[in-house]
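Engineer: Below are the sequence and a predicted model; questions follow.
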Amino acid sequence: MFIGLLDTLEALPADARVAFLMSDIFEAGIDEVSLLLRRDVAACRELLRVARSFIQEAGACRAPLRNEDQS
């Protein structure tokens, strides 16, 4: 499972991968992610939505992913 997640993460665009890792793995707030990526909060929320959807569709993560309300 871990290797599948790594492969899936590598397939994501770099900004979506960073947003996902910072938010869901390192539990950074959306404001921190926004500052790091130099994008507005709405754009970062969209990156997270895309990344989470992509990861779940790939079946790379069995644990429930954070939803946008928790970002």
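Structural biologist: Sure, I can see it.
Engineer: which non-adjacent residue is nearest the most centrally placed residue in the chain?
Structural biologist: A centroid search over the chain (CA atoms, centre = their mean) returns Phe20, at 1.8 Å, as the residue closest to the centre. Excluding the flanking residues, the one nearest Phe20 by CB to CB, 6 or more residues apart in numbering is Ala51, at 3.9 Å. Bear in mind the C-beta positions are built from the backbone N, C-alpha and C, glycine included.
Engineer: tell me the contacts of the one you found?
Structural biologist: 12, 16-17, 19-20 (CB atoms under 8 Å, 6 or more residues apart in numbering).
Engineer: Need the three-state assignment for it.
Structural biologist: Three-state call for Ala51 (DSSP: H, G, I helix; E, B strand; the rest coil): helix.
Engineer: Relative to Ile3, how far out is it?
Structural biologist: As judged by CB to CB, to the nearest Å, Ala51 and Ile3 stand 18 Å apart.
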